[in-house]
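Q: Sequence and predicted model, in that order:
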Amino acid sequence: MDRRMDRICRSLLSAGHEVWLIGREKNDSPPLLDRPYHQVRLPMNRQSGKGFYAEYNYKLWHYLRARRWDVINAVDLDTILPAYLAARYCRARLVYDAHEFFSETPEVVNRPLIRKAWQIIGKWLVPKADLCYTVGPELAKILADEYGVNFGVVRNTPEKLENRKTDLSKNEKSDISDYPKKIILYQGMLNAGRGLFPATEALRLLPENYVLWLVGNGDLEEKLKDGNKDLIDQGRLVFHGFVPGDRLAEFTNQAWLGLNLLDAISPSYYYSLANKCFDYIQCGLPSVQMAFPEYEALNKEYHCFVTMDRLESARLSIVIAHLGENPEKYARLRKGCLRAAEVLTWENEEKELLRLWQSI
């Protein structure tokens, strides 16, 4: 379940709309969780490649045109064609929610023909949408330039969390940074471009009381396990597997430091604003982020991260060790997180979402 879509669906439902969330069924899809809105999974014969996209677009179009809608919300370019055709057929409004710069993702950016196809689809159909929004201010500017239309911003902020670790406002020099075991947390997909191998290499350069938790699953899981059996046996590298979004805070609240180490292998990553960034903030957890535009802008305002301008394991180990040896600096970062956590909430972001929808 995409947590952004769950939040948006709940917010639209609470505003009085009847909401249907439509996606595809994978071979390993877990059972649908109980939600107050309608959920539909379209069964697919193919799971990847051009054949999958063709089948998914056809089945999505067929499903959408068989019903009457007031608004159809396409999420990313891979759903905009059937959404546009069905919206025209139903005389419905079309909304475009860009979770990323789709034609510039790592899977696409180095495949010229496929990239060109998505660029053509985007420049043809995105300007036809009645409303467009995306996940961050910098990406909104880039997409506005790309497609020649305005993009609103609805960030992937979590609901306000009341159960955080000790509030530093009561004790400026809290001993939270003096845990005998310093748990470094990565939560998210275990896929390429996420800085996972530099993170495990950096762990080897740190004292034995530093532990890395990986919460999530993905294509690199087995390779990471095979290459780090010694760290796993020592209990320094722990794989927790997939954890539902509503349970992530249980792990985040135990951590000493968060990681969000995207490699700038594509413009989509460079202009990203990941969920985990806000999840760490909401739990009052300082983190290491890349010095990409969205994270730099947040850090300038709240001083809640350490940022890195290049992704290198030796440099990462130095950054982490420095925080471990400087509890006062760590406490300042945590105080910045707690201040940001009062503002960067879904309760605030929801207001902008509903304002945008009200405009159409």
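A: Yep, that arrived.

Q: Sketch out the low-pLDDT regions of the stretch 101-250 of the chain for me.
A: Scanning the stretch 101-250 of the chain for pLDDT under 70 picks out 163-179.

Q: which residues in it form helices?
A: In the stretch 101-250 of the chain, the segments counted as helices under DSSP state H, counting those that start in this stretch are 106-109, 112-125, 137-147, 196-204, 221-227, 229-233, 248-252.

Q: Pipe the ones you listed into CSV and attach mean neighbour count per row.
A: C-beta: built from backbone N, CA, C; applies to glycine. Below are the helices of the stretch 101-250 of the chain laid out as CSV (neighbours: other C-beta atoms under 10 Å):
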stretch, mean neighbour count
helix 106-109, 17
helix 112-125, 15
helix 137-147, 18
helix 196-204, 20
helix 221-227, 14
helix 229-233, 12
helix 248-252, 19
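
Q: Adding distance to residue 265 as columns, could you present the ones you listed in JSON lines?
A: Listed next are those as JSON lines, based on distance: least, C-beta to C-beta, whole Å:
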{"stretch": "helix 106-109", "distance to residue 265": "5"}
{"stretch": "helix 112-125", "distance to residue 265": "14"}
{"stretch": "helix 137-147", "distance to residue 265": "16"}
{"stretch": "helix 196-204", "distance to residue 265": "13"}
{"stretch": "helix 221-227", "distance to residue 265": "17"}
{"stretch": "helix 229-233", "distance to residue 265": "25"}
{"stretch": "helix 248-252", "distance to residue 265": "25"}
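
Q: can you tell which of those is closest to residue 283?
A: Proximity to residue 283, assessed across the helices of the stretch 101-250 of the chain by C-beta to C-beta, is greatest for helix 248-252 (4.2 Å).

Q: I'd say residue 76 and residue 100 touch.
A: Yes: counting by C-beta atoms under 8 Å, residue 76 does reach residue 100; the two are 6.8 Å apart.

Q: higher neighbour count, these two?
A: residue 100 (20 against 16; other C-beta atoms under 10 Å).

Q: how many neighbours does the residue lying closest to the more buried one once chain neighbours are set aside have?
A: Nearest non-adjacent residue to residue 100, counting by C-beta to C-beta, 6 or more residues apart in numbering: residue 268, 4.7 Å away. Other residues near residue 268 come to 23 when the count uses other C-beta under 10 Å.

Q: Just list the residues touching residue 267, thanks.
A: For residue 267, the contact set (C-beta atoms under 8 Å, 6 or more residues apart in numbering) comprises 101, 104, 109, 142.

Q: Check residue 143 too.
A: For residue 143, the residues meeting the contact criterion (C-beta under 8 Å, 6+ apart) are 98, 101, 126, 132, 134, 151.

Q: and the closest residue to residue 130 other than its chain neighbours, how many neighbours?
A: Of all residues not flanking residue 130 in the chain, residue 93 sits nearest, at 4.4 Å (C-beta to C-beta, 6+ apart). Residues lying near residue 93 (other C-beta under 10 Å) number 16.

Q: just to revisit the earlier point, out of the helices of the stretch 101-250 of the chain, which gets nearest to residue 89?
A: Among those, if distance is taken as C-beta to C-beta, the winner is helix 112-125, at 14.7 Å.

Q: Can I get the contacts of residue 267 in JSON lines including distance to residue 208?
A: Formatted as JSON lines, those follow (distance: C-beta to C-beta, whole Å):
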{"residue": "101", "distance to residue 208": "41"}
{"residue": "104", "distance to residue 208": "41"}
{"residue": "109", "distance to residue 208": "39"}
{"residue": "142", "distance to residue 208": "43"}
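
Q: Kind regards, and thank you for your time.
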